[in-house]
Structure formats: C-alpha cells, structure tokens
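Undergrad: the following comprises the amino acid sequence and a computationally predicted model.
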Amino acid sequence: MRRSWILALALLGSALGGAAQAPVLPAAWGDRIYPRLGQAGLDVTHYDVALRVPQPGTRTLQAEVTLSAQATRPLPLLSLDYLGPAVQGVTWNGAAVPFERAGEKLLIRRALTPGTTARVTVRLSGPAGRVPDPDLPVDLGWQALPGQGAQPGVNFSFSEPDGTRAFLPVNDHPADPATFTLRVTVPQGVTAAASGVHTRVQDTPQGRTFTFEQREAIPTYALSVHVGPLERVDRPAVQVAGKTVQVRDYFPPGIPPNIRAPYERTGEILRVLGEWFGPYPFAVYGSAVVRPALPALETATLSTMPVTSSNVRVIVHEAAHQWFGNSVPLGDWSDTWLNEGFATYAELLWVQAQGEGEAAVVQRWRDSVQSGPTRPLVARTAAELFDRSAYLRGALALHALRAEVGDGPFRTFLQTYARERAGQPTRTADLLALARRVLGPDAEGVLRAWVESPGLPPLP
Ligand code: ARG
Ligand code: ZN
C-alpha cells in the first residue's frame, strides 16, 4: 500500500513537470525508521572489495567493489545506497554499463531477474562522503585521523546504522546481510585490519595488501576496516562451545598498559558467553582500539573500541553483539532492542560468572529506566534506536523472561534463537513466536508485556 503511494506520487510529480528530470527510484527496502535505505527485492550475497588507502589519515580512498547481486523479484534496474567518492566506471558481468548518481543512490540501468547472479563492479576514487548522525560528534562512515609528524594517520569504518554507504556502494540495510572479501592496500609500514580471517599479506608496487575473508554473512553497517600504524597482538585461541576461535587485537601507538589490559580477557569472555549463547558465530574475534571519544561499536569479528570504553563491561557487550546483531541481523531498524537488550543482558551474565550477584546490576538498570520516560520496545523514531529503553528495558525484558522460566529453559531459548536466526533478518515478532514455541504461551505473555506495554511492567 505505502509503496504504491510513493510510486504514484513520484509518477504524479514527474507528470506535473516539476520533477521531470528526477528519476523515479525503485522501491526501497521499506524500513520503518529509514524508509529510503536498501532496494526491495535486491539480495547482495557477497561484496569483493579491493580498497586502496594511499594516504592513511586522509579521507582519500580508491576502491573496486564487485557485488554479487541476485533478485528475489524482477528488478528493472539496480539502486544501491551510495554517498561515496566519485564513480569512475561500472561493469555488469564484465561489460561497461551506464550509471547515474541520483541523490543518495547509485542507479545502474540493467534488469536483474530472479535465479541469476550479476557481478557488478563499481570503481571509485576520491574523498569519502559523509552521513551525519544525530547522536554522534562525528559523521558516520570513513573516519580519518591525521598522523603526528612522521607517524602515519589512521582510518576506520564507523557506520551503524547507515554509514557504510559513505564509502562503498551497498544495499545498506541489515536485512540483506552478505559475506565480504576485503583486500586493503596501504603504504609500507602501515597495517590494515578488517572483518574476517586474515588470509594473506602481499607486497605490490602500490604498497602492502592485506586480505580478509568474512565467510559468514554480516550486515553492511557491521563491516570493520582499520588502517594505520597498528600493532597486532595475537592471543591464545579459545574453544567457545566446541568451536575454536582465533583471538587478536589491534592497538594504535602509545596506548598505555592499563587501557590494553582488559583486552587480555577477551578469550575468557567469549567462553562465558558461549555457555549461554552457544557456539561463537565466526572464526575470529578481537578489538581494534581507537582514540576518538565515540561509542564502542560491534564491528564484525573486530569491534571498534574507543580508549574511553576499554573496560571489561564494554568488551563483553560488543562481544555479545557478534551473536546478536552481527550473526542474527535486524529485520528492521525499529528492532534495535534485539541487539542492544541482548548485548546489555550479556553484561549481567558476565557479572554472575564472576560469582557476583545479579541484584545490583538489575537495580541499576531499573533505577536508570525509571529515572526517565520509557516506551514499548519497538522504536518509533531514529532518536529512540539507542536510547535507555533499547538497552536497559530490553535487558530487563530478558531478565523477566528468565525469572519466569528458569535458567535451563532460558539458556535453551537463547541458543535456539542464536542458531535458528543466524543470517535471518529478525524482528520482534520472530522473537515472540520463538518464545511461544520454545517456552510456551505464559512465557511469551511475560515477554510481550515487556515489549508492548507503554509503562514498565512489574519486575520479577
Ligand atoms: N551498537 C553500539 C553499541 O554497542 C551503539 C551504536 C550507537 N550508534 C549511533 N549511531 N548512535 O551499543
Ligand atoms: Zn550495543
């Protein structure tokens, strides 16, 4: 209904002549909060990204991005989210094709039919674009920190919710998660790190190329890329619920020992979380520490951790997002509590694993939620996506469910959710349906009250 209205208005607009030059855009994904993101019917399965960062610390980059594009319905053209550097050319299965930049979209006028895969390559070069965020002191997307004297500068991606499009052409909605290959070329003496397993280092005339394979699908916003004079610290591999996980962190120069120390506990954190959530979803995990005062971000397999968030609580939180958010992707941005409530709840699971009681944590959450207005858990505006209700009321909802069913069934519920929803765009209704199936209608009723009631339900 809504989509046909948008189309009708667009057609009317062009019929009236005022917008005659503006192309009619195909329907976007249909997100409740970001109605312009993504293309309905487009399924990008893989992004192969050759990224060159010739001067780390500046906004300049060059890339050749090949998307493996499939369609779940006939598409008359491709419409990618893109606000990045100048496009130098596009090929479709190897042949040059015309393209057009229309506002926030890169349009490629070739039809895509279900059952086929097109390899679409976009070449780009220039300064990264900017996506402002109402909550943050910086624009989302490609961050650039100039170097000091002879020290090279730093770049990194910081994109949740919609910043990846500031530097790469993507179907920028978490409901279309994809695998990634990243080949990042940097000057000699500079290190690159990215989501996935580091498979190779190669010296070329342009510099040194670091290759990463992210073999499990992740949302586009979760793509991690870090470039700079970084030190890589390898830790002992850990077994997480029967799965071997590589652990490594990256630090910029001059990070003092007290900031680095909590990261030594990453393996132990993954083990504790695995006891509740089941096998860790990826092959590798760790953190890349950054200096700007930003929120920490759960970038896939390599969380982006500001110096100011370098403590065990936040390391636990971002590690939990690897299951909830990165492996189990959001189906709609209004459901961020499915990410933030679960990751916050992990903080309590960690505290309990240290032999401490849960009461103080629960009390703190409750006092904090009750100190301001609360809301039903499905967000209605962008301002609500990362508010106290998403984090703390979301965590309290899970605590109420656990109190209702007991630890054993709650653990089964968490593990079933992590396993069944991996790679499946998930909405609040999916969680409620799972609660009903795994835990029964009474348990679902408790969870539903926490999801839907305007005020805070009584606490267990
Ligand atoms: N997901 C991040 C966390 O771990 C928070 C990101 C906040 N992003 C934003 N654009 N405000 O809690
Ligand atoms: Zn979070």
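TA: Arrived safely, thanks for sending. Numbers count the residues shown, from 1 in each chain. Ligands and ions are numbered 1, 2, ... in the order given.
Undergrad: ends of stretch 110-117, how far apart?
TA: End-to-end distance for stretch 110-117, by C-alpha to C-alpha, to the nearest Å: 12 Å.
Undergrad: what of stretch 323-341?
TA: End to end - C-alpha to C-alpha - stretch 323-341 spans 12 Å.
Undergrad: what do you get for stretch 352-361?
TA: The first residue of stretch 352-361 is 10 Å away from its last residue (C-alpha to C-alpha).
Undergrad: stretch 245-258 too?
TA: Across stretch 245-258, first to last residue, C-alpha to C-alpha, it's 25 Å.
Undergrad: so which bits of that stretch are buried?
TA: By 16 or more other C-beta atoms under 10 Å, the buried positions in stretch 245-258 come out as 245, 246, 247, 248, 249, 250, 251, 252, 255. Yep, even glycine has a C-beta here, placed from its N, CA and C like the rest.
Undergrad: surely the first one meets residue 286?
TA: No: here residue 245 lies out of contact with residue 286, judged by C-beta atoms under 8 Å, at a distance of 9.6 Å.
Undergrad: how about the residues of this protein near ligand 1?
TA: Contact residues (C-beta under 6 Å from any ligand atom) of the chain with ligand 1: 133, 135-136, 160, 295-298, 317-318, 321, 340, 386.
Undergrad: circling back: closest one to ligand 2 out of the buried residues of stretch 245-258, please.
TA: residue 249 (18.8 Å; C-beta to the ion).
Undergrad: ok, the closest residue to the closest one other than its chain neighbours to ligand 1 distance?
TA: Using C-beta to C-beta, 6 or more residues apart in numbering and skipping the chain neighbours, the partner closest in space to residue 249 is residue 286 (4.4 Å). Residue 286 sits 16 Å away from ligand 1, going by C-beta to the nearest ligand atom, to the nearest Å.
Undergrad: list the contacts of residue 286.
TA: Contacts of residue 286 were listed using C-beta atoms under 8 Å, 6 or more residues apart in numbering, and they are 235, 247, 248, 249, 250, 263, 266, 301, 302, 303.
Undergrad: surely residue 106 and residue 169 touch.
TA: Yes: using C-beta under 8 Å, residue 106 is in contact with residue 169, at 5.1 Å.
Undergrad: returning to what we had before: overlap in contacts, residue 245 and residue 286.
TA: With C-beta under 8 Å, 6+ apart as the test, residue 245 and residue 286 reach no residue in common.
Undergrad: what about the closest residue to ligand 2 within the chain, is that helix, strand or coil?
TA: Nearest residue of the chain to ligand 2 (C-beta to the ion) works out as residue 343 at 4.2 Å. Under DSSP: H, G, I helix; E, B strand; the rest coil, residue 343 falls in the helix class.
Undergrad: list the contacts for it?
TA: Counting by C-beta under 8 Å, 6+ apart, residue 343 has contacts 298, 317, 318, 320, 321, 324, 325.
Undergrad: now render those as JSON lines, adding neighbour count.
TA: Output for these, formatted as JSON lines (neighbours: other C-beta atoms under 10 Å):
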{"residue": "298", "neighbour count": "25"}
{"residue": "317", "neighbour count": "24"}
{"residue": "318", "neighbour count": "26"}
{"residue": "320", "neighbour count": "27"}
{"residue": "321", "neighbour count": "24"}
{"residue": "324", "neighbour count": "26"}
{"residue": "325", "neighbour count": "26"}
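Undergrad: quick check: closest non-adjacent residue to residue 444.
TA: Residue 444's closest residue in space is residue 436 (C-beta to C-beta, 6+ apart), at 4.0 Å.
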